[in-house]
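**Student:** below is the sequence, then the predicted model.
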Amino acid sequence: MLPSARKQPRGRRRPDPLADFFDAEVVPMLKAASGLRAVAIFEEMQRRHPDLSDGARRTPERRIRSWRAIHGADQEVIFRQVHEPGRMGLSDFTDMADLGVTIAGERLDHRLYHFRLAYSGFEHAHVILGGKSYVALAEGLQNALWAFGGAPLEHRSDSLSAAFRNLDQEAREDLTRRYDALCAHYSMQPTRNNCGVAHENGAIESPHGHLKKTVKDALLMRGLADFDDLTVYRRFIDEIVGRKNAHNAKRIETERPAL
């Protein structure tokens with residue numbers, strides 16, 4: 001059917017319940033307090049205009065959403081990332097303390113170093129005792145590269161601010177040189193996302209949550225979170241990550257020649 005032959009969209013069949021006061025009362029409220037929820041504004045309008053029925057709630061919600069899209073605060077623009085085979089690998093750490101893992105009855109305060117290739121989704125995780133550090137990053141990264149058998153063109157990490165904490169200027173510069181030298185050894189270009197801008201590390205931030213939930217599910221199915229020793233727990237993590245990599249086997253094999 002030609003567009004000219006289609007039915008015209010039907011217009012409003014009922015009177016606009018906001019016609020008398022949206023511009024005069026609702027808009028000034030939105031300008032004065034941009035964080036006001038639509039439901040709070042609707043309840044206030046009901047107090048001011050008792051004849052406004054509960055069934056009209058969706059109308060002000062749509063009208064307020066449209067007004068904010070045009071006149072509200074500017075929204076951050078995030079462009080979709082397109083990943084190429086062999087181009088980028090990412091590293092980060094995730095805290096695992098809230099899972100309640102114990103070794104021979106003693107609580108294990110630990111983190112997971114997490115590496116991921118952006119294109120294929122290949123992952124590697126390594127149990128880290130203590131906090132973030134260059135040593136933990138270097139050990140985990142090298143284990144990941146050797147496990148896969150190749151290195152990407154770029155390696156992205158966070159700002160390494162946690163590793164720099166409590167270090168003087170000379171020590172920070174030395175750590176930076178060591179990190180740059182490590183990447184150069186594997187022919188990778190080191191890049192860092194801006195501090196506090198998580199979406200720049202988006203190819204690993206979301207998988208962080210998935211990995212942690214997968215570990216939690218596996219612990220629940222296991223029936224207990226206690227392990228005989230650290231080696232057994234590390235093997236437990238390796239098995240979980242191995243199953244995740246098996247799901248991406250085709251993409252991983254596609255990316256391998258590009259590294």
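**Tutor:** Thanks, I have the structure now.
**Student:** render the CA-only coordinates of the longest helix anywhere in the chain in PDB, please.
**Tutor:** Longest helix in the chain by number of residues (criterion: DSSP state H): helix 202-222. Extracted C-alpha coordinates of helix 202-222, given in PDB (Å, rounded to 0.1, in the frame of the first residue of the first chain):
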ATOM      1  CA  GLY A 202      32.600  -1.200  28.700                       C
ATOM      2  CA  ALA A 203      33.900  -4.400  27.000                       C
ATOM      3  CA  ILE A 204      35.000  -5.700  30.400                       C
ATOM      4  CA  GLU A 205      32.900  -3.800  33.000                       C
ATOM      5  CA  SER A 206      29.700  -5.700  32.100                       C
ATOM      6  CA  PRO A 207      31.400  -9.100  31.800                       C
ATOM      7  CA  HIS A 208      32.700  -8.400  35.400                       C
ATOM      8  CA  GLY A 209      29.200  -8.600  36.700                       C
ATOM      9  CA  HIS A 210      28.400 -11.700  34.600                       C
ATOM     10  CA  LEU A 211      31.500 -13.500  35.800                       C
ATOM     11  CA  LYS A 212      30.800 -12.700  39.400                       C
ATOM     12  CA  LYS A 213      27.200 -13.900  39.200                       C
ATOM     13  CA  THR A 214      28.400 -17.100  37.500                       C
ATOM     14  CA  VAL A 215      30.800 -17.700  40.300                       C
ATOM     15  CA  LYS A 216      28.100 -17.100  42.900                       C
ATOM     16  CA  ASP A 217      25.700 -19.500  41.100                       C
ATOM     17  CA  ALA A 218      28.500 -22.200  41.000                       C
ATOM     18  CA  LEU A 219      29.100 -21.700  44.700                       C
ATOM     19  CA  LEU A 220      25.400 -22.100  45.400                       C
ATOM     20  CA  MET A 221      25.200 -25.300  43.300                       C
ATOM     21  CA  ARG A 222      28.300 -26.600  45.000                       C
END
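**Student:** run through who's touching that helix.
**Tutor:** Surrounding helix 202-222, the residues in contact under the criterion CB atoms under 8 Å, 6 or more residues apart in numbering are 81, 83, 88, 90-92, 94, 96, 99, 101, 112, 114, 116, 118, 121, 123, 125, 198-199, 225, 236-237, 240-241, 244. Where C-beta positions appear, they are placed from N, C-alpha and C, glycine not excepted.
**Student:** repeat the analysis, applying 6 Å as the threshold.
**Tutor:** With contact meaning CB atoms under 6 Å, 6 or more residues apart in numbering, helix 202-222 is reached by L90, D92, T94, L99, R116, A118, A198, A225, I240.
**Student:** remind me what the helix or strand just after that helix packs against, helices and strands.
**Tutor:** Using DSSP states H and E, the next helix or strand after helix 202-222 towards the C-terminus is strand 226-227. Using 3 or more CB pairs under 6 Å, 6 or more residues apart in numbering; DSSP states H and E as the contact test, no helix or strand touches strand 226-227.
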